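Engineer: Let me see the structure of the following:
(one chain, ligands or ions: 1)
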Amino acid sequence: MEFSSKPSEIFTKMTPEQKRLLYLIGLYTEINGQVGKQWMKDLSLKAVLIKGVREKVFDWDYAPASVMYMGTRKIINVTQEGQNDLNHLRIFGLISRLRLGTIRHFFFNAYGLTPIGINVFRLIQKEDREPIDILAHCSKCGKLFEITSEQKSVYMICSACNQKVDTEVSDIESVQYMCVPKWLKVKLESQWKPVLRKGGD
Ligand SMILES: [Zn+2]
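Structural biologist: Residues are numbered from 1 along each chain as shown. The predicted structure follows:
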């Protein structure tokens with residue numbers, strides 16, 4: 001399938017979630033006011049998306065999933081709908097993915113804006129910028145939060161104001177509570193079938 005490479009045409013096809021996601025990635029690729037100059041780590045993005053769902057900035061669901069986390073496997077919250085929108089941004093040609101290795105020999109993905117992505121980023125309106133700006137900036141000084149991964153969780157940090165916000169990406173218990181009804185429904189409809197026992201006991 002051929003996709004238009006005109007930023008304005010792509011823009012009209014995008015959902016609010018996709019615009020907000022692109023805007024968020026754009027913010028974290030910015031150096032000295034220029035977007036698309038660096039890459040955003042996959043884990044950082046995953047964590048901020050969870051924070052965004054909790055703050056009702058993104059209308060997605062999420063559920064616990066096993067992912068690579070600082071070189072080991074860990075159960076964290078992942079929004080599959082968010083990952084799907086991320087894929088859509090790649091299909092639209094707005095973001096690209098880079099696979100990076102560390103000196104400790106584990107690999108992770110990072111995301112950056114393509115030249116078209118930078119143009120579409122500039123088209124995003126206040127209604128979709130504002131919720132992300134509030135999410136990603138320190139409420140005291142207005143600086144973009146740094147995102148740091150620790151063993152326990154991923155945090156959004158403003159070192160100038162001594163602010164440390166937990167993205168709650170590792171907060172599994174309350175999530176299960178939130179997601180059980182939907183998850184159960186899906187399981188019942190698609191996978192759970194009565195198990196027939198041999199011998200009829
Ligand atoms: Zn601050």
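Engineer: buried stuff in stretch 149-157?
Structural biologist: Neighbour counts over stretch 149-157 (16 or more other Cβ atoms under 10 Å) mark 149, 153-156 as buried. In short, each C-beta sits where N, CA and C put it, glycine included.
Engineer: List, one by one, the residues from this protein near the ion.
Structural biologist: 138, 140-141, 143, 158, 160-161 (Cβ under 5 Å from the ion).
Engineer: redo that, cut-off 6 Å
Structural biologist: Residues of the chain lying close to the ion (Cβ under 6 Å from the ion) are 138, 140-141, 143, 158, 160-161, 163.
Engineer: any chance you could map the strands in the protein?
Structural biologist: For the chain, strands defined by DSSP state E occupy the ranges 40-41, 63-69, 72-78, 95-101, 107-113, 146-149, 154-158, 163-166.
Engineer: could I get those strands as JSON lines with mean pLDDT?
Structural biologist: Shown next, in JSON lines, are these (pLDDT from 0 to 100):
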{"stretch": "strand 40-41", "mean pLDDT": "96"}
{"stretch": "strand 63-69", "mean pLDDT": "93"}
{"stretch": "strand 72-78", "mean pLDDT": "94"}
{"stretch": "strand 95-101", "mean pLDDT": "92"}
{"stretch": "strand 107-113", "mean pLDDT": "93"}
{"stretch": "strand 146-149", "mean pLDDT": "96"}
{"stretch": "strand 154-158", "mean pLDDT": "98"}
{"stretch": "strand 163-166", "mean pLDDT": "96"}
